[in-house]
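Peer 1: A structural model of the following input is requested.
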Amino acid sequence: MMKLIGIKRTLILAILLAANLAVAGVLFLGILPMKSRASMQLTTVQGEISALQGKISNVKQELEDFRRNLPKFEMLRSGGFFSPQDRFQMERDLAAVQEKSGIEGFSYNVSEVKTVENEDAKRSSSRIIKSVITIENPYVLVDGDFYHFVNVMMSSFPSHVRLQSFELARKYDLDNETLKKIRTQEIKTLLNAKAIFEWMTIVPEEDKTKSSGWGR
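Peer 2: As a prediction, the model looks like this:
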């Protein structure tokens, strides 16, 4: 009887041990790896959610920046800052400057278009182009007329122009003979005047149009 009880106990213990081993196997080989994978997936999802929230925040900021900068963009566009520097249009624009400044005329020369290296423009698939406009011999009698013309050029010529330099010198002495020639329009200017402007615009990178320098 005692031996039989001992054998039964041994079998029960063996069965319990096998059951524990099975549970441990399921735990270590199944449940714990699943829990680890689930934890990793949760971390990944949380990271994706965080990244998405960051993108949404960036989009909101970009939209706000766009709304804030849109009026400036429209002003630049209407002012010709995104133009390819068409020479025929430029001639009409200079004529408008002449009329607004109130002087009879002047001669001018425009250089070839050159590209200005700019990393910000490259990143936006654009390029900044520049021409030099040289204004010479404007029909002005006093220096105030010349300065007025320069101001009109800076404020009214389309797109962005910057005064690079200017020269101004008296051409004639103001005597009776000179005054007589002014009245008969034999003399239209008392000054040797010259102004050099830099004309800059931005165009798409694929626009490789090059204009030759010419003047009148």
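
Peer 1: quick one: buried residues of the longest strand along the chain?
Peer 2: For the chain, the strand with the greatest residue count under DSSP state E is strand 191-204. Within strand 191-204, the residues scored as buried using 16 or more other C-beta atoms under 10 Å are 191, 193-203. C-beta coordinates here come from the backbone N, C-alpha and C atoms, glycine included.

Peer 1: which one of those residues is nearest to Ile128?
Peer 2: Ile128 lies nearest to Ile202 out of those, by C-beta to C-beta, at 5.2 Å.

Peer 1: excluding sequence neighbours, find me the nearest residue to Gly105.
Peer 2: Distances taken as C-beta to C-beta, 6 or more residues apart in numbering place Tyr139 nearest to Gly105, at 5.5 Å, with adjacent residues excluded.

Peer 1: distance check, the one you found against Gly102.
Peer 2: Here the criterion is C-beta to C-beta, to the nearest Å. By it, Tyr139 lies 10 Å from Gly102.

Peer 1: who's more crowded, the two?
Peer 2: Using other C-beta atoms under 10 Å, the more surrounded residue of Tyr139 and Gly102 is Tyr139, with 18 against 11.

Peer 1: just to check, the more buried one is in contact with Phe106?
Peer 2: Yes: applying C-beta atoms under 8 Å, one finds Tyr139 in contact with Phe106, separated by 6.8 Å.

Peer 1: enumerate the positions of the helix or strand containing Leu168 that are buried.
Peer 2: Assigned by DSSP states H and E, Leu168 falls within strand 160-170. Buried positions in strand 160-170, judged by neighbour count with 16+ other C-beta under 10 Å: 160-161.

Peer 1: tilt between that strand and strand 191-204?
Peer 2: Strand 160-170 and strand 191-204 are oriented at 170 degrees to each other (axes from the mean of the first three to the mean of the last three C-alpha atoms, to 10 degrees).

Peer 1: list the contacts of strand 160-170.
Peer 2: Strand 160-170 is contacted from outside by 79, 81, 132-133, 143, 146, 150, 153-154, 190-201, using C-beta atoms under 8 Å, 6 or more residues apart in numbering.

Peer 1: tell me what the longest strand of the chain is packed against?
Peer 2: Helices and strands touching strand 191-204, by 3 or more C-beta pairs under 8 Å, 6 or more residues apart in numbering; DSSP states H and E, are strand 126-136, helix 143-156, strand 160-170.

Peer 1: partner strands of the strand holding Leu168 and their direction?
Peer 2: Paired with strand 160-170 in the same sheet, following DSSP bridges, are strand 191-204 (antiparallel).

Peer 1: domains in the chain, as residue ranges please.
Peer 2: For the chain, the structural domains run 1-78, 87-215, going by automatic domain parsing.

Peer 1: can you map out the strands along the protein?
Peer 2: For the chain, the strands defined by DSSP E cover 107-110, 114-116, 126-136, 160-170, 191-204, 214-215.

Peer 1: contacting residues around Gly105?
Peer 2: By C-beta under 8 Å, 6+ apart, the residues touching Gly105 are 98, 138-139.
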